[in-house]
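Peer 1: Task: produce atomic coordinates for the following.
(chains A and B, ligands or ions: 2)
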Amino acid sequence: MFKIEVTIKKRSRELPYSGFIIPLSSIIISISISLIILGLYGVDPGKFFKVFTTALISPSSIRYAIPLILSGVGLAVAYKANVWNIGAEGQILAGALVASGLALYYIPPTMPHEAAILLLYIAAFLAGSLTALIPAILKALYNVNEVLSTLMINYIMMQIVNYLVYGPWRGKKEYGYPRTDIFPNNTILPQLEIGGLKTTINIPTLILMIGSAIVIYVILFKTKWGYEIRVYGLSEEAARYGGLEIWKIIILVMVISGGLAGLAGAGEVLGVYKQLIRAERVSAGFGYTAIIVAWLGNLNPLGILLSGYFIGVLVSMGYTLQIFTGVPYGTVNIFTGTLLLTLISLDFLSKYSPVIRVRR
Amino acid sequence: MNIPPTFLNSNTVVLMRGITKEFYGFKALDNVDFDIKKGEIHVLLGENGAGKTTLVKILTGVYLMDKGEIYIDGVKRDIRNVGDAVKYGISIVNQYPQLIDELTITENISLSLRSLGIIHRFNKIKEKIIEYSDKYSFKLDPDKYVRDLSFSERQRVEILKAILLDSKVIIMDEPTTLLTTWERKLIYQFMKRAKEEGRSIVLITHKLSEALEVADRITILKKGRVVARLNAEDATYGKLMKLMFDKIHAKTVDRKRDVDSRNEILRIEDLVVLDEYGRKAVKNVNLKLYSGEIVGIAGIAGNGQRELIEAIYGVRRREAGKIIFLGRDISKYNARELRKLVGYIPDKIPEAVILNMPIYENLILKKYDDSMILRKKIFIDYKSVYKYSSSLISEYNIAAEDPGVDAGTLSGGNLQKLVLARELSLDPPLIIAVNPSKTLDHFSTELLHSTLIKYRDRGKAILLVSEDSEEVMKVSDRIMVMHEGNLYELGSKDEVDLGLIEEYMIRGGEVEEVIKVG
Ligand SMILES: Nc1ncnc2c1ncn2[C@@H]1O[C@H](COP(=O)(O)OP(=O)(O)OP(=O)(O)O)[C@@H](O)[C@H]1O
Ligand SMILES: [Mg+2]
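Peer 2: Ligands and ions are numbered 1, 2, ... in the order given. Have a look, this model is predicted:
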């Protein structure tokens, strides 16, 4: 009889370059696994790579990267503080909802374009922040677990958006579809044109995305607020010892986190759909996918610019795969799922080493 | 220094040969030979950062060595984890006992036996605990909850665990630093008994007198190499000092103090503080502390010192009473302000540092929001922080290559120095130090004491809480003892002696009655 013994040991230090090797190797591993699964569907690898390389340079990848990166950068702020915001989905919806409501019913058509857009962004940021503020206050004051509270708010926001598009806000010119009317012109975000062709990339949100990654990077690693966030995230005891105001840190990271997701939501409705549509389609799971984006980017905003783009490629690839090969879009979830799985296991392996022995 | 083959005989139970361990290019151990004989007490000496802990961690499977061989009873063995070490009869008594508060002694011990794959019947374990507890006069009740045990009792539980694991080699890393004389004697007694039973003891210590008292053989490490291996008969205090340290500088502890310009720094009136379980840990304590003095509070751990200090530092709620600091009640300060005015070196150093952050970021934990290191009010000027950290590292003799390495890689003593450096560099009017020298070697302790005294002479107040009565005796101007939540003021340094302090540490107020009657 053989007996297999597996034990784990903490490494005295993480493996070198793990911040770089881990994301890369998990991408390779998950591509391989997905290829096998797609092979079972009868998709030949050549076609897969063609779709993949097309997606790599397709504008639609950037279009998907925008909400992913914006929310992912926000989530990274919270995760750096060890605050587990799972609510980007609901915060995106909150931003989308408030921007839509204002665009449809409050902004006069005579308001200058720039002023209207600025106002809408600010409102969307605040909406996302407020949505995140509730779980933040509950955690800061009553130590309520933020995973549960943020997750629950996602479902509430979904119900509210769907109630509005099926009910009071349903468009008069939309033939009964569950969506609002198209927004007035002065509230719609300008889209990028490449070779005279309009893309679904809207310029202002793209700029906001890059800007926020840089600003958040600077905040996290160069300012006193970032210092507080990182200290609290690494050791709550040391934060208490140093007299840091923990409740302020929790609220700050959640407000930033929610606000950026709110901006992503505004970008989607004002810059892509030009109307508010069903909740499942506005956020389309981006709030959850952004969690992967944040970790794949090693919680570093500059890394997230890359990881967000990469996942954007995957998402857009998913849609083209569906069109050209008939493989359901959901298969892309297999990819992102295995990606997260390999990411977590490799991260674990970089900190612990397994010792496997076979004995008689 | 390598062990010549003739050195070995059938009495050698463990032989470590050519052990090398690098941490990122830094050689913590460099071709070290170490042997343990049956039935001996082998003392491992060396200054802070010499590699003592690393060596025993390799033997107990906590670290993997880069190079080297380990022979156990003459057979080459692979020790890849703690379980392996236990299998070969090697156990370590942790410096901070790792026990579960909510379980009884028996439950704790059974748990670790089980997790190591050695399953016994619960009752049998209990019987054995009673048997061995008796044998070594450990006075442990197997049904007592660990949360009700003192530090020393917890340590004895760890020792029993090692015995029930049937260890023939028991390693103790600085076991006596936190004990009173009486408790220390118990440990020495145990070591001698264990020796008679044919077990071997490896003792790591910074106390040379202790080494001379109990050792059969001594191995001295310096900067990762063995510099001497000698029999106890050939060792003298002076000789050991010379072997351990490069320089022997005469230290003069200067005791002048300016009594005229004394200001009240801290006043505590009828303070009551509860512990985690809602019991009164501090009972109506009164205390006054003036500028330019060191007040020493001796006491065995768990007599309310921790709760008292945490209440002063503002991290624990008080139940009743007043704490007046610099003329204002501490509730009038905001947390950050108070932290900057009170330097605090806690007992459990890891709670005062962020182990996964570099040294330079750790050094600014209390300074990061000062205008001095901020640019435009929000940006931390990391360049000057880096420079500032380098200078603190050399000023306080912290053994670290550069300020960029994680604090978690420092040795126990150097971590302690890191906190000391940070707290003193704030120049606060009050310093609270709890067991500040327990992980320090001889010179670092001297340095610490003279640093504290110099700091006092600059008109600052220092509250020294220590389980080491000799330390309290040596540096304090006024001496107090804490026992079961009561604080007894014994008088000035010249009025008390070591024996009295220790009587109070063990018996508290009863001593007064004895004195009155007698
Ligand atoms: N996990 C680690 N990573 C990096 N360096 C380490 C690690 N553990 C120990 N070191 C380094 O190795 C050297 C030896 O450390 P060790 O803990 O063995 O010293 P020590 O002799 O036990 O000192 P002390 O008396 O202060 O406890 C130190 O310079 C320390 O910084
Ligand atoms: Mg040590």
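
Peer 1: Find the helix or strand that residue B:337 is a member of.
Peer 2: Taking DSSP states H and E as the definition, residue B:337 sits inside helix B:335-341.

Peer 1: Now that helix: buried residues?
Peer 2: Neighbour counts using 16 or more other C-beta atoms under 10 Å in any protein chain shown place B:335, B:338, B:339, B:340, B:341 of helix B:335-341 among the buried residues. Any C-beta I mention is one placed from the backbone N, CA and C, and that applies to glycine too.

Peer 1: who in the stretch 351-500 of chain B is up against ligand 2?
Peer 2: Counting by C-beta under 5 Å from the ion, the stretch 351-500 of chain B comes close to ligand 2 at residue B:412.

Peer 1: helix or strand right after the helix holding residue B:337?
Peer 2: Remark: after helix B:335-341, the chain's next helix or strand is strand B:342-345, criterion DSSP H and E.

Peer 1: Which residues outside that following strand are in contact with it?
Peer 2: Strand B:342-345 has contacts (C-beta atoms under 8 Å, 6 or more residues apart in numbering or on different chains) with A:241, B:309, B:312-314, B:325, B:352, B:416, B:419-420, B:423-424, B:426, B:428, B:430-434, B:436.

Peer 1: still on that earlier bit, near ligand 1, list only the ones from the buried residues of helix B:335-341.
Peer 2: Among the buried residues of helix B:335-341, no residue is within reach of ligand 1 (C-beta under 6 Å from any ligand atom).

Peer 1: Tell me which two in the residues you listed are the farthest apart.
Peer 2: By the measure C-beta to C-beta, B:335 and B:341 form the most distant pair in those, at 11.1 Å.

Peer 1: where does the stretch 101-250 of chain B have low pLDDT?
Peer 2: B:115-120, B:178, B:247-250 (pLDDT under 70).

Peer 1: For ligand 2, what's the nearest residue on it?
Peer 2: With C-beta to the ion, the shortest gap between the stretch 101-250 of chain B and ligand 2 falls at residue B:173, namely 6.1 Å.

Peer 1: What of chain B?
Peer 2: With C-beta to the ion as the measure, residue B:53 is the residue of chain B nearest to ligand 2, at 3.2 Å.

Peer 1: OK, contacts around that residue?
Peer 2: B:173, B:204, B:411, B:412.

Peer 1: Report how many residues lie close to whichever residue of the stretch 251-360 of chain A sits closest to ligand 1.
Peer 2: Closest residue of the stretch 251-360 of chain A to ligand 1, C-beta to the nearest ligand atom: residue A:351 (12.8 Å). Neighbourhood size, residue A:351 [other C-beta atoms under 10 Å in any protein chain shown]: 14.

Peer 1: doesn't residue B:367 make contact with residue B:373?
Peer 2: Yes. Counting by C-beta atoms under 8 Å, residue B:373 touches residue B:367, with 6.0 Å between them.

Peer 1: ok, back up a step: what's the pLDDT at the residue of the stretch 251-360 of chain A closest to ligand 1?
Peer 2: Per-residue confidence (pLDDT) for residue A:351: 72.

Peer 1: now swap in residue A:291 and tell me
Peer 2: 94.

Peer 1: so which helix or strand takes in it?
Peer 2: Assigned by DSSP H and E, residue A:291 belongs to helix A:286-296.

Peer 1: Touching that helix from outside, list them.
Peer 2: The contact list for helix A:286-296, computed with C-beta under 8 Å, 6+ apart, reads A:23, A:26, A:64, A:67-69, A:71-76, A:79, A:86-92, A:154, A:261, A:264, A:303-304, A:307-308, A:310-311, A:315, A:336, A:339-340, A:343.

Peer 1: Low-confidence stretches in the chain?
Peer 2: No chain in the question, so chain A it is. Applying pLDDT under 70 to chain A flags the ranges A:1-15, A:355, A:357-360.

Peer 1: Correction: the question concerned chain B.
Peer 2: Applying pLDDT under 70 to chain B flags residues B:1, B:3-8, B:115-120, B:178, B:247-261, B:512-518.

Peer 1: So if we follow the domain assignment, how does it break up?
Peer 2: Split into domains by automatic domain parsing, chain B comes to B:5-244, B:264-326+B:429-517.

Peer 1: chain center to the host helix or strand of residue B:193: distance?
Peer 2: Assessed by DSSP H and E, residue B:193 sits inside helix B:181-196. In terms of C-alpha atoms, centre = their mean, to the nearest Å, the centre of helix B:181-196 is found 19 Å from the chain centre.

Peer 1: Then stretch B:39-52?
Peer 2: On C-alpha atoms, centre = their mean, the centre of stretch B:39-52 falls 15 Å from that of its chain.

Peer 1: Equivalent analysis for stretch A:265-285, please.
Peer 2: Worked out by C-alpha atoms, centre = their mean, stretch A:265-285 lies 14 Å from the chain centre.

Peer 1: Can you name the residues that contact the closest residue to chain B within chain A?
Peer 2: When scored by C-beta to the nearest C-beta, chain A has residue A:243 as its residue closest to chain B, at 3.5 Å. Residue A:243 makes contacts with B:314, B:334, B:335, B:336, B:337, B:338, B:339, B:340, B:366, as judged by C-beta under 8 Å, 6+ apart.

Peer 1: Would you check that the first one makes contact with residue B:333?
Peer 2: Yes. Counting by C-beta under 8 Å, a contact exists between residue B:314 and residue B:333, whose distance comes to 7.3 Å.

Peer 1: So for the two, which residue has more residues nearby?
Peer 2: Between residue B:314 and residue B:333, counted using other C-beta under 10 Å, residue B:314 has the larger neighbour count: 22 against 18.

Peer 1: For that one, which non-adjacent residue is spatially closest?
Peer 2: Leaving aside its sequence neighbours, residue B:314 sits nearest to residue B:338 (C-beta to C-beta, 6 or more residues apart in numbering or on different chains; 4.9 Å).

Peer 1: Please apply the same query to residue A:262.
Peer 2: Per C-beta to C-beta, 6+ apart, closest to residue A:262 is residue A:128, 2.1 Å.

Peer 1: same question, residue B:23
Peer 2: With sequence-adjacent residues excluded and distances taken as C-beta to C-beta, 6+ apart, residue B:23 is closest to residue B:409, at 6.3 Å.

Peer 1: tell me the phi and psi of that neighbour?
Peer 2: Main-chain dihedrals, residue B:409, degrees, to the nearest 10: phi -90, psi 0.

Peer 1: tally of neighbours for it?
Peer 2: Neighbourhood size, residue B:409 [other C-beta under 10 Å]: 19.

Peer 1: tell me which element residue A:43 falls in.
Peer 2: Per DSSP H and E, residue A:43 falls between elements, in no helix or strand.

Peer 1: Is it in contact with residue A:327, as I believe?
Peer 2: Yes. Using C-beta under 8 Å, residue A:43 makes contact with residue A:327 at a distance of 5.9 Å.

Peer 1: Now the residue lying closest to residue A:229 once chain neighbours are set aside: phi and psi?
Peer 2: Nearest in space to residue A:229, with sequence neighbours left out and distances taken as C-beta to C-beta, 6+ apart, is residue A:81 at 4.6 Å. Dihedral angles of residue A:81 (phi, psi; degrees, to the nearest 10) stand at phi -90, psi 10.

Peer 1: just residue A:202 next, same as before
Peer 2: Dihedral angles (degrees, to the nearest 10) for residue A:202: phi -100, psi 130.

Peer 1: How about residue B:428?
Peer 2: According to degrees, to the nearest 10, residue B:428 has phi -80, psi 160.

Peer 1: What distance do you get for it to ligand 1?
Peer 2: Using C-beta to the nearest ligand atom, to the nearest Å, we find residue B:428 at a distance of 25 Å from ligand 1.
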